[in-house]
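Asker: what follows is a predicted structure for the sequence shown.
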Amino acid sequence: QVQLVESGGGLVQAGGSLRLSCTASGSIFSINGMDWYRQAPGKQRELVAAVTSGGTTSYADSVKGRFTISRDNAKNTVYLQMNSLKPEDTAVYYCKMVVATTFRLAVGIYWGPGTQVTVSS
């Protein structure tokens with residue numbers, strides 16, 4: 001199977017920066033889309049940023065110009081560089097990957113367990 005592990009979350013003051021990482025391991029043949037989502041208390045999970053296998057990126061309006069998503073295919077890793085953080089960015093951040101496994105190239109959607117990001121004012 002496939003496992004995803006996030007890292008890089010923590011507590012930061014408003015205006016600061018954090019870099020999240022998410023690495024996939026297991027029976028991986030290839031990885032298509034890689035996304036970052038977040039879920040704040042009492043709110044629905046929302047898509048923050050996405051990067052396709054070809055490198056095309058997209059962002060939620062609320063993070064455009066502040067967050068940058070990137071991927072390292074050799075390391076099966078996706079990153080989220082978060083700058084100019086605001087208190088409203090506080091949430092649990094989850095990575096999601098669409099993975100073709102080595103088992104008959106079966107494609108599945110996999111999620112990481114989440115990492116907490118807290119931005120103090």
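Answerer: Received, thanks.
Asker: which SSE is the spatially most central residue of the chain in?
Answerer: Per C-alpha atoms, centre = their mean, the C-alpha nearest to the average position across the chain is that of Trp36, at 2.9 Å. If you go by DSSP states H and E, Trp36 is part of strand 28-39.
Asker: parallel or antiparallel, which strands does that strand pair with?
Answerer: Pairing partners of strand 28-39, with direction, according to DSSP bridges: strand 46-51 (antiparallel), strand 91-101 (antiparallel).
Asker: now do that strand: everything it contacts.
Answerer: 2, 20, 22, 24, 45-53, 69, 71, 73, 76, 78, 80, 89, 91-102, 105, 107, 114, 117 (C-beta atoms under 8 Å, 6 or more residues apart in numbering). Glycine gets a C-beta too; all of them are placed from N, C-alpha and C.
Asker: just the buried subset of the residues you listed, written out for ChimeraX, thanks.
Answerer: Listed next is the ChimeraX selection for buried residues among the contacts of strand 28-39, using 16 or more other C-beta atoms under 10 Å:
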select :2,20,22,24,48,49,50,51,69,71,76,78,80,89,91,92,93,94,95,96,97,98,99,100,101,114,117
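Asker: quick one: furthest residue from the center of the protein?
Answerer: Within the chain, Arg104 marks the point farthest from the mean C-alpha position, 26.5 Å out by C-alpha atoms, centre = their mean.
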